[in-house]
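1. Sequence first, predicted model second:
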Amino acid sequence: MSDSTRIPAGSTLEIRDLKVSVADKEILRGVNLTVRAGETHAIMGPNGSGKSTLAYAIAGHPKYTITGGQVLLDGADLLEMSVDERARAGLFLAMQYPVEVPGVSVSNFLRSAVTAARGEAPKLRQFSKDLKAGMDALSIDSAFAQRNVNEGFSGGEKKRHEILQLELLKPKIAVLDETDSGLDVDALRVVSEGINRFRAGGDTGVLLITHYTRILRYVKPDFVHVFAGGRIVEQGGPELAEKLEAEGYEAYTKATA
């Protein structure tokens, strides 16, 4: 293939020696990780190991203080950007506990999010078409679009809404924090199918944070990283998740105690 016809490489998220504290307590103690387009990385570990801290620190939550390291998206330092700028740069975070936004409908919220990410408002007719297609794919009732964001939503509805955002925003890198939390089997399957549709383009990367292996039966990771004591302590392929399913995290927590 000639240089003129070569397909350009996708985006890359680079986390370099990242250190993060909360209320002067060090949580992340030097995390190094690279996520390239076309790759799905699963981060697994016990509660309190720092998995969610990594997600929120990357996204720019003010509770988390960066004390060292870099987070680069296509060479640009995300840590020097505001939360909005990070989203426009192509970063997406699906939160473990999505917040309620009273008085704002799902439809208006999503159109505002797309506008903010693209820098211009989508044409209403096209947006409505994309929204309906996304809701249909996630088995979401059409009335859902007029409900207030996350207000009175079940756990499954909140997570489907997060994946709906993901599919409409089409970010470069998606960080999914315990997306499987609180889902029944049917909701887990639907949400996983949404993640897989997003991955199918091949020009995006996924960082999937989870405590359990069950979502990995539907969303197959390329790499698995074990988190303990605020850092990555072991890395491998999908077989590592199977090892964790069989043996648990005890060996890792003892080693970092």
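-> Alright, I've got the coordinates. Numbers count the residues shown, from 1 in each chain.

2. now the protein, which segments are flagged as low pLDDT?
-> Applying pLDDT under 70 to the chain flags residues 1-9, 257.

3. mind redoing it with 90?
-> The chain contains residues with pLDDT under 90 at 1-10, 47-48, 84, 95-102, 116-119, 154-156, 181-182, 201-203, 211-212, 250-257.

4. quick one: the helices in it?
-> Assigned by DSSP state H, the chain shows helices spanning 51-59, 83-89, 106-118, 124-137, 155-169, 185-199, 238-247, 250-256.

5. Which positions in the second one come out as buried?
-> Looking back up the chat, that one is helix 83-89. Buried residues in helix 83-89, counted by 16 or more other Cβ atoms under 10 Å: 86, 87, 89. For every residue, glycine as well, the C-beta is placed using N, CA and C.

6. okay, that helix in PDB with CA atoms only?
-> Presented in PDB, the C-alpha positions along helix 83-89 are these (Å, rounded to 0.1, in the frame of the first residue of the first chain):
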ATOM      1  CA  VAL A  83     -13.100  18.600  31.600                       C
ATOM      2  CA  ASP A  84     -14.900  20.000  28.600                       C
ATOM      3  CA  GLU A  85     -11.600  20.200  26.600                       C
ATOM      4  CA  ARG A  86     -10.900  16.600  27.400                       C
ATOM      5  CA  ALA A  87     -14.300  15.600  26.000                       C
ATOM      6  CA  ARG A  88     -13.700  17.600  22.900                       C
ATOM      7  CA  ALA A  89     -10.300  16.000  22.500                       C
END
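
7. what does it rub up against?
-> Applying Cβ atoms under 8 Å, 6 or more residues apart in numbering, the contact partners of helix 83-89 are 58-60, 73-74, 76, 78, 81, 116-117, 119, 169, 171-172.

8. out of those, who's nearest residue 239?
-> Closest approach to residue 239 among those (Cβ to Cβ): residue 58, at 26.7 Å.

9. and the gap between the closest one and residue 91?
-> As judged by Cβ to Cβ, to the nearest Å, residue 58 and residue 91 stand 7 Å apart.

10. Mutual contacts of the two, please.
-> Joint contacts of residue 58 and residue 91 (Cβ under 8 Å, 6+ apart) are 78, 175.

11. follow-up on the earlier one: I'd like the buried residues of helix 83-89 as CSV, with distance to residue 43 appended.
-> CSV is the format used below for the buried residues of helix 83-89 (distance: Cβ to Cβ, whole Å):
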residue, distance to residue 43
86, 19
87, 21
89, 21
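
12. Just the buried ones from the contacts of helix 83-89?
-> 58, 59, 60, 73, 74, 78, 81, 117, 169, 171, 172.

13. now, which of the residues you listed sits nearest residue 95?
-> Ranked by distance to residue 95 (Cβ to Cβ), those are led by residue 59 at 8.5 Å.

14. these two touch, right, that closest one and residue 176?
-> No. Residue 59 lies out of contact with residue 176 (Cβ atoms under 8 Å); the separation is 11.6 Å.

15. Look up how far residue 53 lies from the residue nearest to residue 29 when sequence neighbours are not counted.
-> Of all residues not flanking residue 29 in the chain, residue 230 sits nearest, at 4.1 Å (Cβ to Cβ, 6 or more residues apart in numbering). Going from residue 230 to residue 53 by Cβ to Cβ gives 8 Å.
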